[in-house]
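Colleague: Any chance you can model this:
(chains A and B)
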Amino acid sequence: GENVEQHPSTLSVQEGDSAVIKCTYSDSASNYFPWYKQELGKRPQLIIDIRSNVGEKKDQRIAVTLNKTAKHFSLHITETQPEDSAVYFCAASQAGSARQLTFGSGTQLTVLP
Amino acid sequence: EAGVAQSPRYKIIEKRQSVAFWCNPISGHATLYWYQQILGQGPKLLIQFQNNGVVDDSQLPKDRFSAERLKGVDSTLKIQPAKLEDSAVYLCASRSPRGNSYEQYFGPGTRLTVT
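Modeller: Modelled structure (predicted):
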(Lines give C-alpha, C1' and ligand atoms only; values in the text may rest on other atoms or scores of the structure.)
Protein backbone atom coordinates (compact mmCIF):
# COMPACT_ATOMS: atom_id res chain seq x y z
CA GLY A 1 0.00 0.00 0.00
CA GLU A 2 0.85 3.67 -0.07
CA ASN A 3 3.31 5.16 2.44
CA VAL A 4 3.62 8.91 2.97
CA GLU A 5 6.57 10.43 4.81
CA GLN A 6 6.37 14.03 6.02
CA HIS A 7 9.00 16.35 7.45
CA PRO A 8 9.82 18.29 9.45
CA SER A 9 7.67 17.23 12.37
CA THR A 10 7.94 20.71 13.91
CA LEU A 11 8.69 24.04 12.28
CA SER A 12 8.99 27.48 13.85
CA VAL A 13 9.20 30.62 11.73
CA GLN A 14 9.06 34.33 12.37
CA GLU A 15 5.93 36.14 11.26
CA GLY A 16 6.34 37.25 7.66
CA ASP A 17 8.83 34.52 6.79
CA SER A 18 8.10 31.56 4.52
CA ALA A 19 7.46 27.98 5.62
CA VAL A 20 8.04 24.83 3.59
CA ILE A 21 6.80 21.34 4.45
CA LYS A 22 7.83 18.33 2.39
CA CYS A 23 6.28 14.94 1.74
CA THR A 24 7.28 11.86 -0.20
CA TYR A 25 5.04 9.04 -1.33
CA SER A 26 5.77 5.49 -2.40
CA ASP A 27 3.06 4.50 -4.86
CA SER A 28 3.56 5.86 -8.37
CA ALA A 29 -0.16 5.26 -9.04
CA SER A 30 -1.13 8.02 -6.59
CA ASN A 31 -2.57 10.96 -8.46
CA TYR A 32 -4.16 13.31 -5.90
CA PHE A 33 -2.29 15.15 -3.15
CA PRO A 34 -4.22 17.29 -0.65
CA TRP A 35 -2.94 19.32 2.26
CA TYR A 36 -5.02 19.65 5.42
CA LYS A 37 -4.71 22.17 8.25
CA GLN A 38 -5.81 21.05 11.70
CA GLU A 39 -6.08 23.48 14.57
CA LEU A 40 -6.06 22.14 18.10
CA GLY A 41 -9.24 20.22 18.84
CA LYS A 42 -10.75 20.91 15.41
CA ARG A 43 -11.42 18.96 12.24
CA PRO A 44 -8.87 18.71 9.42
CA GLN A 45 -9.67 21.29 6.75
CA LEU A 46 -8.49 21.13 3.17
CA ILE A 47 -6.35 24.14 2.30
CA ILE A 48 -5.03 23.18 -1.12
CA ASP A 49 -4.73 20.13 -3.33
CA ILE A 50 -2.99 19.14 -6.54
CA ARG A 51 -3.50 16.43 -9.12
CA SER A 52 -0.73 14.58 -10.85
CA ASN A 53 -1.26 16.30 -14.20
CA VAL A 54 -0.19 19.63 -12.67
CA GLY A 55 3.25 20.62 -11.36
CA GLU A 56 2.30 23.61 -9.23
CA LYS A 57 -0.80 25.26 -7.84
CA LYS A 58 -1.17 28.54 -5.95
CA ASP A 59 -3.89 30.06 -3.82
CA GLN A 60 -2.95 33.45 -2.40
CA ARG A 61 -0.16 32.80 0.15
CA ILE A 62 -0.24 29.03 -0.24
CA ALA A 63 1.31 26.96 -3.00
CA VAL A 64 1.92 23.28 -3.59
CA THR A 65 4.52 21.78 -5.93
CA LEU A 66 4.62 18.21 -7.18
CA ASN A 67 7.54 16.26 -8.61
CA LYS A 68 6.11 12.99 -9.94
CA THR A 69 9.47 11.62 -10.99
CA ALA A 70 10.91 11.99 -7.51
CA LYS A 71 7.55 11.22 -5.89
CA HIS A 72 7.56 14.20 -3.61
CA PHE A 73 5.39 17.25 -3.06
CA SER A 74 5.73 20.33 -0.93
CA LEU A 75 3.59 22.98 0.74
CA HIS A 76 4.84 26.55 0.65
CA ILE A 77 3.33 29.27 2.85
CA THR A 78 4.57 32.80 2.26
CA GLU A 79 4.20 35.86 4.50
CA THR A 80 3.27 33.67 7.43
CA GLN A 81 0.87 35.00 10.07
CA PRO A 82 0.23 33.83 13.65
CA GLU A 83 -3.10 32.34 12.52
CA ASP A 84 -1.18 29.97 10.25
CA SER A 85 0.00 28.17 13.40
CA ALA A 86 -1.50 24.66 13.30
CA VAL A 87 -0.68 21.07 12.38
CA TYR A 88 -0.44 20.47 8.65
CA PHE A 89 -0.95 17.04 7.09
CA CYS A 90 -0.14 15.93 3.59
CA ALA A 91 -1.89 12.97 2.01
CA ALA A 92 -1.89 10.92 -1.15
CA SER A 93 -4.70 9.14 -2.97
CA GLN A 94 -4.91 6.76 -5.86
CA ALA A 95 -7.33 6.95 -8.75
CA GLY A 96 -10.27 4.58 -8.83
CA SER A 97 -13.55 4.54 -6.98
CA ALA A 98 -12.06 4.12 -3.49
CA ARG A 99 -9.86 7.27 -3.54
CA GLN A 100 -8.60 6.53 -0.05
CA LEU A 101 -6.24 8.98 1.59
CA THR A 102 -2.98 7.95 3.20
CA PHE A 103 -1.79 10.70 5.52
CA GLY A 104 1.64 11.84 6.59
CA SER A 105 2.47 12.16 10.26
CA GLY A 106 1.94 15.91 10.41
CA THR A 107 3.99 19.09 10.90
CA GLN A 108 3.39 21.41 13.84
CA LEU A 109 3.91 24.90 12.43
CA THR A 110 4.41 27.73 14.90
CA VAL A 111 4.52 31.30 13.62
CA LEU A 112 6.21 33.54 16.15
CA PRO A 113 4.93 37.14 16.34
CA GLU B 1 -24.32 23.02 2.77
CA ALA B 2 -24.31 21.50 6.24
CA GLY B 3 -21.11 19.77 7.20
CA VAL B 4 -20.40 16.29 8.48
CA ALA B 5 -21.91 15.81 11.93
CA GLN B 6 -20.57 13.52 14.64
CA SER B 7 -21.61 12.67 18.16
CA PRO B 8 -20.72 12.51 20.91
CA ARG B 9 -17.83 14.96 20.83
CA TYR B 10 -16.15 13.44 23.87
CA LYS B 11 -16.40 10.08 25.59
CA ILE B 12 -14.57 8.63 28.58
CA ILE B 13 -14.95 4.94 29.31
CA GLU B 14 -13.12 2.27 31.23
CA LYS B 15 -11.27 -0.51 29.46
CA ARG B 16 -13.41 -3.48 28.51
CA GLN B 17 -16.51 -1.28 28.22
CA SER B 18 -18.22 -0.67 24.90
CA VAL B 19 -18.79 2.61 23.05
CA ALA B 20 -20.53 3.74 19.88
CA PHE B 21 -19.96 6.76 17.68
CA TRP B 22 -22.39 8.26 15.20
CA CYS B 23 -21.78 10.09 11.93
CA ASN B 24 -24.12 11.92 9.58
CA PRO B 25 -22.39 12.77 6.29
CA ILE B 26 -23.07 15.67 3.97
CA SER B 27 -26.35 15.14 2.16
CA GLY B 28 -25.87 13.23 -1.08
CA HIS B 29 -22.37 12.01 -0.26
CA ALA B 30 -22.36 8.31 -1.06
CA THR B 31 -18.85 7.61 0.24
CA LEU B 32 -18.17 7.62 3.96
CA TYR B 33 -14.88 7.00 5.77
CA TRP B 34 -14.01 6.37 9.42
CA TYR B 35 -10.51 7.31 10.56
CA GLN B 36 -8.64 6.85 13.83
CA GLN B 37 -6.28 9.68 14.77
CA ILE B 38 -3.96 8.91 17.66
CA LEU B 39 -2.43 11.95 19.34
CA GLY B 40 0.51 13.26 17.34
CA GLN B 41 -0.23 11.17 14.26
CA GLY B 42 -2.08 11.55 10.99
CA PRO B 43 -5.54 10.04 10.52
CA LYS B 44 -5.52 6.32 9.71
CA LEU B 45 -8.35 4.82 7.67
CA LEU B 46 -10.41 2.19 9.46
CA ILE B 47 -13.26 1.54 7.04
CA GLN B 48 -14.81 2.93 3.87
CA PHE B 49 -18.45 2.67 2.80
CA GLN B 50 -20.01 3.26 -0.59
CA ASN B 51 -23.72 3.77 0.09
CA ASN B 52 -24.51 0.91 2.51
CA GLY B 53 -21.77 -1.42 1.31
CA VAL B 54 -18.25 -1.84 2.69
CA VAL B 55 -15.53 -0.96 0.18
CA ASP B 56 -12.54 -1.60 2.42
CA ASP B 57 -12.28 -2.69 6.05
CA SER B 58 -8.82 -4.21 5.85
CA GLN B 59 -7.47 -1.96 8.63
CA LEU B 60 -10.41 -2.38 10.99
CA PRO B 61 -9.58 -4.54 14.06
CA LYS B 62 -12.59 -6.74 13.55
CA ASP B 63 -12.21 -8.60 16.84
CA ARG B 64 -13.37 -5.47 18.66
CA PHE B 65 -14.44 -2.86 16.10
CA SER B 66 -17.57 -2.93 13.98
CA ALA B 67 -19.28 -0.40 11.74
CA GLU B 68 -22.46 -0.18 9.78
CA ARG B 69 -24.29 2.13 7.43
CA LEU B 70 -27.60 0.37 7.09
CA LYS B 71 -29.56 2.89 5.01
CA GLY B 72 -26.62 4.38 3.17
CA VAL B 73 -26.72 7.65 5.10
CA ASP B 74 -25.81 7.68 8.82
CA SER B 75 -23.11 5.40 10.11
CA THR B 76 -22.12 4.03 13.51
CA LEU B 77 -18.74 2.77 14.67
CA LYS B 78 -18.62 0.54 17.71
CA ILE B 79 -15.80 -0.69 19.93
CA GLN B 80 -16.41 -3.67 22.19
CA PRO B 81 -14.49 -4.23 24.40
CA ALA B 82 -12.32 -1.10 24.45
CA LYS B 83 -8.60 -1.19 25.18
CA LEU B 84 -6.34 1.56 26.46
CA GLU B 85 -4.72 1.87 23.02
CA ASP B 86 -8.09 2.78 21.49
CA SER B 87 -7.78 6.25 23.04
CA ALA B 88 -7.85 8.53 20.00
CA VAL B 89 -10.00 10.90 18.00
CA TYR B 90 -12.38 9.10 15.65
CA LEU B 91 -13.03 11.12 12.54
CA CYS B 92 -15.76 10.60 10.00
CA ALA B 93 -15.41 11.98 6.48
CA SER B 94 -17.58 11.95 3.38
CA ARG B 95 -17.02 12.49 -0.32
CA SER B 96 -19.28 13.56 -3.16
CA PRO B 97 -20.26 10.90 -5.72
CA ARG B 98 -19.33 13.21 -8.61
CA GLY B 99 -16.91 11.43 -10.90
CA ASN B 100 -14.05 13.94 -10.58
CA SER B 101 -14.42 14.50 -6.86
CA TYR B 102 -11.56 13.58 -4.56
CA GLU B 103 -12.06 15.99 -1.65
CA GLN B 104 -13.03 14.48 1.67
CA TYR B 105 -14.94 16.59 4.17
CA PHE B 106 -14.26 15.81 7.81
CA GLY B 107 -16.51 15.95 10.83
CA PRO B 108 -15.38 17.43 14.16
CA GLY B 109 -14.46 14.01 15.53
CA THR B 110 -15.17 12.12 18.73
CA ARG B 111 -12.38 12.18 21.30
CA LEU B 112 -12.32 8.83 23.12
CA THR B 113 -10.41 8.35 26.33
CA VAL B 114 -10.13 4.80 27.67
CA THR B 115 -9.02 4.57 31.29
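Colleague: And what about the residue lying closest to residue A:103 once chain neighbours are set aside, helix, strand or coil?
Modeller: Distance criterion Cβ to Cβ, 6 or more residues apart in numbering or on different chains; nearest residue to residue A:103, sequence neighbours excluded, is residue B:42 at 3.2 Å. (Glycine included, C-beta is placed from N, CA and C.) Following DSSP: H, G, I helix; E, B strand; the rest coil, we place residue B:42 in the coil state.
Colleague: Model confidence for residue B:42, exactly?
Modeller: Here the pLDDT value assigned to residue B:42 is 94.
Colleague: Residue A:106 is in contact with that one, correct?
Modeller: Yes - if you go by Cβ atoms under 8 Å, residue B:42 and residue A:106 touch, sitting 5.4 Å apart.
Colleague: Name the residues contacting each of these two.
Modeller: A:6, A:89 (Cβ atoms under 8 Å, 6 or more residues apart in numbering or on different chains).
Colleague: thinking residue B:9 is in contact with residue B:107, fair?
Modeller: No - using Cβ under 8 Å, residue B:9 makes no contact with residue B:107, being 9.9 Å away.
Colleague: Counting neighbours, go ahead and name the busier of those two.
Modeller: residue B:107 (26 against 12; other Cβ atoms under 10 Å in any protein chain shown).
Colleague: For the more buried one, which residues are in contact?
Modeller: Applying Cβ under 8 Å, 6+ apart, the residues near residue B:107 are A:43, B:3, B:4, B:5, B:6, B:23, B:91, B:92, B:93.
Colleague: ok, now with 6 Å
Modeller: The contact partners of residue B:107, taken as Cβ atoms under 6 Å, 6 or more residues apart in numbering or on different chains, are B:4, B:6, B:92.
Colleague: repeat for residue B:115
Modeller: Residue B:115 touches residue B:14, counting by Cβ under 6 Å, 6+ apart.
Colleague: Repeat the analysis, applying 10 Å as the threshold.
Modeller: Contacts of residue B:115 were listed using Cβ atoms under 10 Å, 6 or more residues apart in numbering or on different chains, and they are B:12, B:13, B:14, B:15, B:17, B:82, B:84, B:87.
Colleague: what does residue A:102 give?
Modeller: A:1-4, A:25-27, A:30, A:90-94, B:42-45.
Colleague: Under the pLDDT cut-off, which ranges of chain B? List them.
Modeller: For chain B, applying pLDDT under 70 flags the ranges B:1.
Colleague: which bits of it sit near chain A?
Modeller: B:3-4, B:6, B:9, B:31, B:33, B:35, B:37, B:40-45, B:48, B:50, B:55-56, B:58-59, B:89, B:91-93, B:95, B:97, B:99-109, B:111 (Cβ under 10 Å from any Cβ of the partner chain).
Colleague: and residue B:7, what are its bridge partners?
Modeller: Counting by DSSP bridges, residue B:7 forms beta bridges with residue B:22.
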